[in-house]
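**Student:** I'd like to go over a predicted model; first the sequence, then the structure.
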Amino acid sequence: MIRRVSSALVILVFAFSFFACEEQGEIAPSIITEEALLVSGERMRLSGRIITTQNISATNHGFYISDNEGFSQPIIISLGERETPGRFIGETSGLTIEKNYFVKSFVDLPSETIFGNVVELQTLSPNVSEYSPNRGQPGMVVTINGVNITEDVKVFFGNVEAEVVSVDFETILRVRVPAIGDESTVPVRVVIQSKEIVFQEPFVYRTGVYTKISQFPGNIRFTEGVSLQESTTFYAGLGIVQPGTLNSTFWKWTYGETEWTQVDSPSPPLRRAFSTKTFFGGGSDVPAAIPNNERFYKLENGEFIQLPDLDLLFINGVGFEIDEKLYLAGGDTGEGTATFLVDTNTGDWEFVSHSPFKILSTDFSFTYQSKQYFIDPETRNLYYYDPNFNNWEIVGSYPGELGNNGGGFAAVIGDKVFVGVGNRSNQMWELNMQTLEWDRKNDFTGSSLARVIGTYQIDDEIFILRSPETQVGGSIEFWKIEPNAF
């Protein structure tokens, strides 16, 4: 109790003395440099306080910032005139990262300049953590997340500098992907003043170059035909020129030539026959697409050899060769799910499996490592059929456009599969068979109002024939696709 009374007396005495002094004369103002409110990689937000019992007539106040204690060539944050005491806040940017600075507050009075205490501060180190998306094409915006990102940041894709779109809150950096340089897969490098950070994950540019080689003469067009390849020579023909009219022409192209040339047809007109690189047959020899043809042909040494007739009516399905064996899958007979193994010497066949869905000739399909892959057009699921174990299995899903009833291509180069350019779609996608991950490629640059009627391949180049829709003018176009070029 005594201690409390004594404390109260002391406070009262101090207050009396203070106000007595105030009556006798003015108290000189003092100024304090407080702790920083914010310090980042290049920015400081500072706080100071003017202490006095009365108004002042300051012509200026603020902060001095310097990288040396002598404050030579300081950065001055000038906050202008001031009349009242109390707290004030100033901010500056453009500082150097990871550097020590000395800060003191000031106030300019009519008779003198008063400085506060000196506070030592250090700017912080910038860093980046992730960016997305990590693949795409020039012109798209990529977002980089980090901390203490400065306004003078630079970003490079490979050796090409990107345009900085914005830096928000020193944590979100947006840049525009620059034009592709010498490589399609490049490191992403962030330079913040003297600090350089390289992301572990590179940026992957979309690739794919499409070159139109030639066009069939006149208004030649057909669909539902056959296409075959022997070495560097391609063949295509038969099918229908329009609903109700069969096509009797057959065409040939050899690598190095500029034009396709018409040759004698190895068979009477057919539509919806199956074809592989080596064999073709089945289908219908009447416009109504009734399965009635059992003729069967093989391409060998530039000649078409008629083999023993198929003891099977097969139309509008997929033919494929695995380990020198011929298989026929799906079609418009029965439920369209049967798979047959064909003896190419006798034309005999045996049923081997049912597929999980109906397979048609327009579906995307390709061969890889002794398995045949199909994309179910209803579910987009990617299946494979393994003839060695006679089983079907889902291994993924196709993310792209299938087009109007398919009508695109699928081709295998090494461990990559290229799929797309279906009817009324310009999309092409790449499937990595090691990871089963999809990447979108550059869009096809020709008209989407067409169907692929032939797919061929020489080394890393893919060739396709595109037959325009009926309402579109022109004739069949011949294109080269370089999926990895840019």
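**Tutor:** Perfect, I can see it now. Numbers count the residues shown, from 1 in each chain.

**Student:** domains in the protein, as residue ranges please.
**Tutor:** For the chain, automatic domain parsing gives the domain ranges 31-122, 127-204, 209-482.

**Student:** Which pLDDT does the model give Gln242?
**Tutor:** We have a pLDDT of 83 for Gln242.

**Student:** can I assume it is in contact with Thr470?
**Tutor:** Yes: using Cβ atoms under 8 Å as the test, Gln242 is close enough to Thr470 to be in contact (6.0 Å). In short, each C-beta sits where N, CA and C put it, glycine included.

**Student:** Show me where the protein has its helices.
**Tutor:** 2-24 (DSSP state H).

**Student:** quick one: low-confidence parts of it?
**Tutor:** Residue ranges of the chain with pLDDT under 70: 1-27.

**Student:** repeat that with 50
**Tutor:** 1-25 (pLDDT under 50).

**Student:** hey, C-alpha coordinates of stretch 215-231 in PDB?
**Tutor:** In PDB, the C-alpha atoms belonging to stretch 215-231 read as follows (Å, rounded to 0.1, in the frame of the first residue of the first chain):
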ATOM      1  CA  GLN A 215      -2.600 -31.000-104.700                       C
ATOM      2  CA  PHE A 216      -4.300 -33.500-106.900                       C
ATOM      3  CA  PRO A 217      -5.200 -32.300-110.400                       C
ATOM      4  CA  GLY A 218      -8.700 -30.900-111.000                       C
ATOM      5  CA  ASN A 219     -11.300 -31.700-108.400                       C
ATOM      6  CA  ILE A 220     -10.200 -35.200-107.500                       C
ATOM      7  CA  ARG A 221     -11.500 -36.100-104.100                       C
ATOM      8  CA  PHE A 222     -12.500 -39.400-102.400                       C
ATOM      9  CA  THR A 223     -13.100 -40.900 -99.000                       C
ATOM     10  CA  GLU A 224     -13.600 -44.400 -97.600                       C
ATOM     11  CA  GLY A 225     -10.700 -45.600 -99.800                       C
ATOM     12  CA  VAL A 226      -7.500 -47.500 -99.100                       C
ATOM     13  CA  SER A 227      -3.900 -46.400 -98.500                       C
ATOM     14  CA  LEU A 228      -0.700 -48.400 -98.500                       C
ATOM     15  CA  GLN A 229       3.100 -47.800 -98.300                       C
ATOM     16  CA  GLU A 230       6.100 -49.700 -99.400                       C
ATOM     17  CA  SER A 231       9.400 -48.100 -98.400                       C
END
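
**Student:** residues of it that come out buried?
**Tutor:** Using 16 or more other Cβ atoms under 10 Å as the test for burial, stretch 215-231 gives Phe216, Ile220, Arg221, Phe222, Thr223, Glu224, Gly225, Val226, Ser227, Leu228, Gln229.

**Student:** Ok, stretch 377-396 next?
**Tutor:** Pro377, Asn381, Leu382, Tyr383, Tyr384, Tyr385, Pro387, Trp392, Gly396.

**Student:** Over to stretch 472-486?
**Tutor:** Gly474, Ile476, Glu477, Phe478, Trp479, Lys480, Ile481, Pro483, Phe486.

**Student:** Figure out the length between the terminal residues of stretch 126-144.
**Tutor:** 13 Å (Cα to Cα, to the nearest Å).

**Student:** Likewise for stretch 404-413?
**Tutor:** Stretch 404-413: ends 25 Å apart by Cα to Cα.

**Student:** buried stuff in it?
**Tutor:** Neighbour-count burial for stretch 404-413 [16+ other Cβ under 10 Å]: Gly406, Gly407, Gly408, Phe409, Ala410, Ala411, Val412.

**Student:** now these in a markdown table, with distance to Gln434?
**Tutor:** Below are the buried residues of stretch 404-413 laid out as a markdown table (distance: Cβ to Cβ, whole Å):
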| residue | distance to Gln434 |
| --- | --- |
| Gly406 | 26 |
| Gly407 | 28 |
| Gly408 | 23 |
| Phe409 | 22 |
| Ala410 | 17 |
| Ala411 | 17 |
| Val412 | 13 |
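
**Student:** circling back: out of the buried residues of stretch 215-231, list just those in strands.
**Tutor:** Val226, Ser227, Leu228, Gln229 (DSSP state E).

**Student:** Let me see the residues that make contact with stretch 133-149.
**Tutor:** 40-42, 97, 124-132, 155, 162, 165, 167, 170-180, 188, 190, 192, 201-206, 439-440, 442 (Cβ atoms under 8 Å, 6 or more residues apart in numbering).

**Student:** and the gap between the closest residue to Gln73 other than its chain neighbours and Met433?
**Tutor:** The shortest distance from Gln73 to any non-neighbouring residue, by Cβ to Cβ, 6 or more residues apart in numbering, is to Ser66 (7.1 Å). To Met433, Ser66 is 62 Å away according to Cβ to Cβ, to the nearest Å.

**Student:** again, but for Ile197
**Tutor:** Counting by Cβ to Cβ, the gap from Ile197 to Met433 is 33 Å.

**Student:** returning to that earlier point: can you put the buried residues of stretch 472-486 in a markdown table and add distance to Phe71?
**Tutor:** Formatted as a markdown table, the buried residues of stretch 472-486 follow (distance: Cβ to Cβ, whole Å):
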| residue | distance to Phe71 |
| --- | --- |
| Gly474 | 78 |
| Ile476 | 80 |
| Glu477 | 75 |
| Phe478 | 76 |
| Trp479 | 71 |
| Lys480 | 69 |
| Ile481 | 67 |
| Pro483 | 63 |
| Phe486 | 55 |
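
**Student:** now, which of the residues you listed sits nearest Gly86?
**Tutor:** Phe486 (62.5 Å; Cβ to Cβ).

**Student:** My guess is that closest one contacts Gly181. True?
**Tutor:** No: in terms of Cβ under 8 Å, Phe486 does not count as a neighbour of Gly181; the distance is 9.5 Å.

**Student:** list the buried ones in stretch 362-371?
**Tutor:** Result for stretch 362-371 [16+ other Cβ under 10 Å]: buried residues Thr362, Asp363, Phe364, Ser365, Phe366, Thr367, Tyr368, Lys371.

**Student:** Sorry, wrong one. I was asking about stretch 193-202.
**Tutor:** For stretch 193-202, by 16+ other Cβ under 10 Å, it's Gln193, Lys195, Ile197, Phe199, Pro202.

**Student:** that older thread, farthest pair in the buried residues of stretch 404-413?
**Tutor:** Gly407 and Val412 (19.1 Å).

**Student:** returning to that earlier point: quickly compare the domains of the chain and say which is most buried.
**Tutor:** domain 209-482 (a mean of 18; mean count of other Cβ atoms under 10 Å).

**Student:** State the distance spanning the first to the last residue of it.
**Tutor:** First-to-last residue span, domain 209-482, Cα to Cα: 5 Å.

**Student:** Cheers, nothing more for now.
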